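[1] Got a predicted model here, sequence first, then my questions.
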Amino acid sequence: MSFYDFKKQYENIDFKKFESSVTDEQIKNILRKDEEISEFDFLALLTPSALPFLEEMAKKANSIAVRHFGKAISLFAPLYVSNFCINNCAYCGFSTRNDIERKILNFDEVEENAKIVSGFGIRHILLLTGESAVKTNMEYLKSCVQILRKYFDGVDIEIYPLTEEGYRELGGAGVDGLTIFQETYNEELYKVLHTKGNKTNYRFRLETCERAGRAGYRSLSIGALLGLDDFCRELFFTGLHAKFLQKTFPSSDIGISFPRIRAAEGGYQPRTIISDANLVQALCAIRLFINRIGITISTRENNDLRKNLIGLGITKMSAASNTQVGGYAKEGNTKGQFEISDEASVEEVKDMIYKKGYQPVLKDWMTL
């Protein structure tokens, strides 16, 4: 059974009715539990009724995270090698409908950027592209990965969805892990937001991590773009997806991100506003639902907020990010995928982590 099939058993939930039924006593009982909570306990912790209990949730989330991960925060950086895209996504700066300069790095430029990022001390890189299998075909991607392997101990990808064989091929070139966001788990809304290109195929995207998992990827990371749809619904299905992947691929590290919509070319306005309190709520609830799961907070969030989130179970952060194509080597005219909120250097991020009593980790594994 794929997650697409598994998800069907929860699609008839009346989320608004459920939200209105949650009581303070129910939240208190959930927080008294010692084991991982059930899926409906998880949903209860995502409702407005749980907001008055954020401090208790945070304390418990911190205790669980320290028990499973210690006080370590892994650092990575993204590298955009192309912004060519065939998709029309309403919220994305790279959308084909946006009149922006398009660029793809040649291999000398990939190497130049890799040298700069590795010079920051970063040992893990996330390779990103727009979604165009013509401009960034398999041979191009493999060549990029082979260049990056010279400078980084870990190479993950965030690109267009591939077949299982495609993931095996890139794995053979040196890719360790996959990050892919479903954007929204609401299939009907997904169709409205994605009107052109391969990304219109909801199910193919939803099952992407399963293909990479069967291809033996070491890490699989997912997330929903917060602000596209109802907070409770999106986080609930994101959590179900993460737990499904963890059970299906026990040898892979499953990770989750909580990206909130940031300003981007095209001027898309979020349907719902996800507050800082909601973000804290999401982090704590997922930690109680899946005790051992990696949680990433990117530079979409500002420095002060990222600093305050460290004690809530964060295990991974991006640092010194640049969302322009080849932006580390040269500030060009290309638009980034979204606006960065935390422009701190790697050294500044490391110092922030140290001051919170945690240990920044630049290298947590190496593929032989």
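    Received the coordinates, thanks.

[2] Return the set of buried residues in stretch 17-34.
    18-19, 22, 26-27, 30-31 (16 or more other Cβ atoms under 10 Å). Where C-beta positions appear, they are placed from N, C-alpha and C, glycine not excepted.

[3] so what's residue 92 scoring on pLDDT?
    Per-residue pLDDT puts residue 92 at 84.

[4] Tell me how far it lies from residue 196.
    Distance from residue 92 to residue 196, counting by Cβ to Cβ, to the nearest Å: 12 Å.

[5] follow-up on the earlier one: got the buried residues of stretch 17-34 as CSV, with distance to residue 100 columns?
    Output for those, formatted as CSV (distance: Cβ to Cβ, whole Å):
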residue, distance to residue 100
18, 41
19, 39
22, 44
26, 48
27, 46
30, 46
31, 47
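
[6] Now, these that are in helices?
    18-19, 26-27, 30-31 (DSSP state H).

[7] now those residues as JSON lines including distance to residue 245 and pLDDT?
    Formatted as JSON lines, those follow (distance: Cβ to Cβ, whole Å; pLDDT from 0 to 100):
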{"residue": "18", "distance to residue 245": "24", "pLDDT": "97"}
{"residue": "19", "distance to residue 245": "26", "pLDDT": "96"}
{"residue": "26", "distance to residue 245": "28", "pLDDT": "97"}
{"residue": "27", "distance to residue 245": "27", "pLDDT": "98"}
{"residue": "30", "distance to residue 245": "23", "pLDDT": "97"}
{"residue": "31", "distance to residue 245": "26", "pLDDT": "97"}
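
[8] Redo those as JSON lines? Include distance to residue 182.
    Below are these laid out as JSON lines (distance: Cβ to Cβ, whole Å):
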{"residue": "18", "distance to residue 182": "21"}
{"residue": "19", "distance to residue 182": "22"}
{"residue": "26", "distance to residue 182": "29"}
{"residue": "27", "distance to residue 182": "28"}
{"residue": "30", "distance to residue 182": "26"}
{"residue": "31", "distance to residue 182": "29"}
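
[9] before we move on, back to that, between residue 92 and residue 196, which is the more surrounded one?
    Counted by other Cβ atoms under 10 Å, residue 92 and residue 196 do not tie: residue 92 has more neighbours, with 26 against 14.

[10] Next one: that one from residue 197, what distance?
    11 Å.

[11] Give me the common contacts of these two.
    Residues within reach of residue 92 and of residue 197 at once, by Cβ atoms under 8 Å, 6 or more residues apart in numbering, are residue 85.

[12] Which strand or helix spans residue 110?
    Assigned by DSSP states H and E, residue 110 belongs to helix 107-119.
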